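Undergrad: fold the following for me, if possible:
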Amino acid sequence: MLLLVLAYLGGVLTLLSPCILPVLPFVFARSDRPFLRSGLPLLIGMALMFAVVASLAAVSSQWVAQANQIGRWIALVVMAMFALALLWPAFANRLLSPLQRLGVRLSASADEGPAGVGTSLLIGIATGLLWAPCAGPILGLILTGAALQGANVGTSGLLLAYALGAATSLALAIWIGGRVFAALKRHLGAGEWIRRGLGVAALLAVVAIAMGWDTGVLTRLSTVSTAKLEQGLLDALPGQAPTAGSSMMMAANDSALPALPVEGTLPSLTGVTGWLNSPPLDAQALRGKVVLVDFWTYSCINCLRAMPHVREWAERYRDHGLVVIGVHAPEFAFERDVRNVQRAVTDLKVTYPVAIDNDFAIWRGFNNRYWPAHYFIDAQGRIRAHHFGEGNYAQSEQIIRQLLREAGNTLPGDDVPAMTMEAARDGVEREADMSNLKSPETYIGRARAENFASPGGLYAGRAADYRVPATLKLNQWALDGRWVVGEEDAQLQQAGGRIAFRFHARDLHLVLAPQDASKPVRFKVRIDGQVPGASAGGDVSADGSGKVDGNRLYQLIRQNGAVQERTFEIEFLDPGVHAYAFTFG
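TA: Residues are numbered from 1 along each chain as shown. Model (predicted):
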């Protein structure tokens, strides 16, 4: 229930977002008509259509994306007819095409009883197809849940609540707009000019949406950001944990542990795709053992930085009653390939059991939401503590040791406090330089893309030519060359394509994959226009050269010396690369 309220409030806040601007002309054009017959059906149609389309998008099927694109173009035609009818009703009625005359009839029928309700509902459905809200923290949380769990009643309900919140804000806009327009007509006799002005605004909105400005330019023109308001709501919601990369420890502190509460029982471990390094395990067979369940995915930088500690715990306490289970829950499609996971398990020197949770069966059993996430289970099968994100490794080890003692196990070094291991760290596993980390994880796929700076914005689902602007502000990024931007990645169509990012961090990583595993993609990296030299990352030579030869996270920059704001650029010398997300450390 609290999540529904949160989703609704997130939708209400969209009125402060620039991404609402393209739909306002269509909404205001109905503000001088009776609300129950015109405004309300329009808003209902918009909310329902947005919820349906967003729910289906969670399926991530190509046919859904194609159908949505076709639907958007049909909606654009409907809205263009509506705009022309507002501009020149008499002219269109006599001289223009049958489709434009239909637009006039659509506009006129809005005042005619049931026909008016149907027309307004149709306009609302078209608006719902065209509306692309800016993805703030609340919508991002909803879409992430939808992507993980697929289209279901819960995620669809949250999306509908979000859309109804936006509809509430727009209803207020209709109420205010109706009174303003009525006053202007009454005192200035400006009814005709108001109608034509709305027609021009609606036509401009159609052009803006057709050009992709609603998901590109407008997201960068925000004068009132709702992100802090939304994050404040998330932080205030009981049970909400930090995002991946942050840290939270339950029932632990730096000095001594209080009594660990019982948070639940170990859920079933069935429903997974398979197991690595072990035969299938089940909760009953693990009774008598202390269990650490580690949710991870192999391209997650936060998971990789926590990995040395998990490996060390597994090795140090294996003969003292601890079982570590890694639950690999994929974030990107290529992480569902068991061969890729097996390769990562080998490269990362993971020897403990790993469950391949491609369908998120164990994930849902724990009601988990984050990578990495650690759950500590006692010998009786009870969850006694959990920890989300990186950090607090000494406290985590204290919990492991306390649960082992409760089970009657002897411990290594039992006469000294819990040890903070100095696990060997190199490459991506090295601790982040938090004092210099000013760039956030940034996704390239259109579902979660932010701060995109190429002129014209993202062209979803089709090949388009992009260019990098002359300057980038901090944390802005851009494409150059011919790319197809999908839901979760951008795919390079021709050799010579580039990605640029203005960042402030010691390390820069990029999740990449070749389209054909047998054809590595060569690349060149530059930092502030120069070869990286001593600032080259682990996957790059000093001259900036490297190759994408597998589906994984690549370390491209590790600044040597003073960390400062820099411009990163990667040029791909071959086509066929998929780029997913930037992470920093």
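
Undergrad: so who does Glu510 touch?
TA: One correction, residue 510 is Leu, not Glu. Residues in contact with Leu510, defined by Cβ atoms under 8 Å, 6 or more residues apart in numbering, are 499, 553-554, 556, 570, 579-583. Glycine gets a C-beta too; all of them are placed from N, C-alpha and C.

Undergrad: same list (these) but as a markdown table, adding distance to Ser454 and neighbour count.
TA: A markdown table is the format used below for those (distance: Cβ to Cβ, whole Å; neighbours: other Cβ atoms under 10 Å):
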| residue | distance to Ser454 | neighbour count |
| --- | --- | --- |
| Ile499 | 10 | 26 |
| Leu553 | 24 | 21 |
| Tyr554 | 22 | 24 |
| Leu556 | 20 | 26 |
| Ile570 | 15 | 25 |
| Ala579 | 13 | 23 |
| Tyr580 | 17 | 22 |
| Ala581 | 17 | 23 |
| Phe582 | 15 | 24 |
| Thr583 | 21 | 27 |
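
Undergrad: relative to Val350, which of those residues is nearest.
TA: Leu553 (15.5 Å; Cβ to Cβ).

Undergrad: how much space between the closest one and Cys303?
TA: 10 Å (Cβ to Cβ, to the nearest Å).

Undergrad: tell me the first helix or strand C-terminal of the lowest-mean-pLDDT helix or strand in the chain.
TA: The helix or strand of the chain with the poorest confidence is strand 248-249; it has a mean of 36 (mean pLDDT, DSSP states H and E). Per DSSP states H and E, strand 248-249 leads on to strand 264-265 as the next helix or strand towards the C-terminus.

Undergrad: can you give me the mean pLDDT across that next one?
TA: Average pLDDT, strand 264-265: 92.

Undergrad: give the contact list for Ala542.
TA: For Ala542, the contact set (Cβ under 8 Å, 6+ apart) comprises 531-534, 536.

Undergrad: helix or strand: which one has Tyr370?
TA: Counting by DSSP H and E, Tyr370 is found in no helix or strand.

Undergrad: for it, give me the pLDDT.
TA: Value for Tyr370, per-residue pLDDT: 88.

Undergrad: what is the neighbour count of it?
TA: By other Cβ atoms under 10 Å, the residues close to Tyr370 number 20.

Undergrad: which residue comes closest to it once chain neighbours are left out?
TA: Phe388 (4.7 Å; Cβ to Cβ, 6 or more residues apart in numbering).

Undergrad: do you know how far that neighbour is from Ser439?
TA: In terms of Cβ to Cβ, Phe388 sits 21 Å off from Ser439.

Undergrad: ok, these two, which is more surrounded?
TA: Phe388 (26 against 23).

Undergrad: and the gap between the more buried one and Pro258?
TA: Counting by Cβ to Cβ, the gap from Phe388 to Pro258 is 19 Å.

Undergrad: element containing Gly481, please.
TA: strand 477-485.

Undergrad: what's the helix or strand following that strand in contact with?
TA: Using DSSP H and E, the helix or strand that follows strand 477-485 in sequence is strand 490-492. Contacts of strand 490-492 from elsewhere in the structure, counted by Cβ under 8 Å, 6+ apart, are 444-445, 479, 481-485, 499, 515, 521, 572, 575-579.

Undergrad: residue ranges of the helices in the stretch 251-400 of the chain, please?
TA: 301-317, 338-347, 361-366, 393-406 (DSSP state H, counting those that start in this stretch).

Undergrad: closest to Gly157 out of those?
TA: Per Cβ to Cβ, nearest to Gly157 of the helices of the stretch 251-400 of the chain: helix 361-366, 16.5 Å.

Undergrad: the strand holding Gly481 packs against which elements?
TA: When contacts are defined as 3 or more Cβ pairs under 8 Å, 6 or more residues apart in numbering; DSSP states H and E, strand 477-485 packs onto strand 463-466, strand 490-492, strand 498-503.

Undergrad: okay, those strands, which one's buried deepest?
TA: Comparing those by mean neighbour count (mean count of other Cβ atoms under 10 Å), strand 498-503 ranks first with a mean of 22.

Undergrad: quick one: strands adjacent to that strand?
TA: In the sheet, strand 498-503 lines up against strand 477-485 (antiparallel), strand 566-572 (antiparallel) (DSSP bridges).

Undergrad: looking at the helices of the stretch 251-400 of the chain, which is closest to Arg506?
TA: helix 301-317 (12.4 Å).

Undergrad: and that closest one, average pLDDT?
TA: Confidence over helix 301-317 (mean pLDDT, whole number) is 93.

Undergrad: can I get that helix as CSV, trimmed to CA atoms?
TA: Coordinates of each C-alpha in helix 301-317 appear next as CSV, following Å, rounded to 0.1, in the frame of the first residue of the first chain:
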residue,chain,number,x,y,z
ILE,A,301,31.0,-3.0,-10.2
ASN,A,302,29.7,-2.8,-6.6
CYS,A,303,29.4,-6.6,-6.6
LEU,A,304,32.9,-7.0,-8.0
ARG,A,305,34.4,-4.7,-5.3
ALA,A,306,32.7,-6.8,-2.6
MET,A,307,33.7,-10.1,-4.1
PRO,A,308,37.2,-10.4,-2.5
HIS,A,309,35.6,-10.2,1.0
VAL,A,310,33.0,-12.9,0.1
ARG,A,311,35.7,-15.1,-1.3
GLU,A,312,37.8,-14.6,1.8
TRP,A,313,34.9,-15.4,4.2
ALA,A,314,34.1,-18.6,2.2
GLU,A,315,37.7,-19.8,2.4
ARG,A,316,38.4,-18.7,6.0
TYR,A,317,35.2,-20.2,7.6
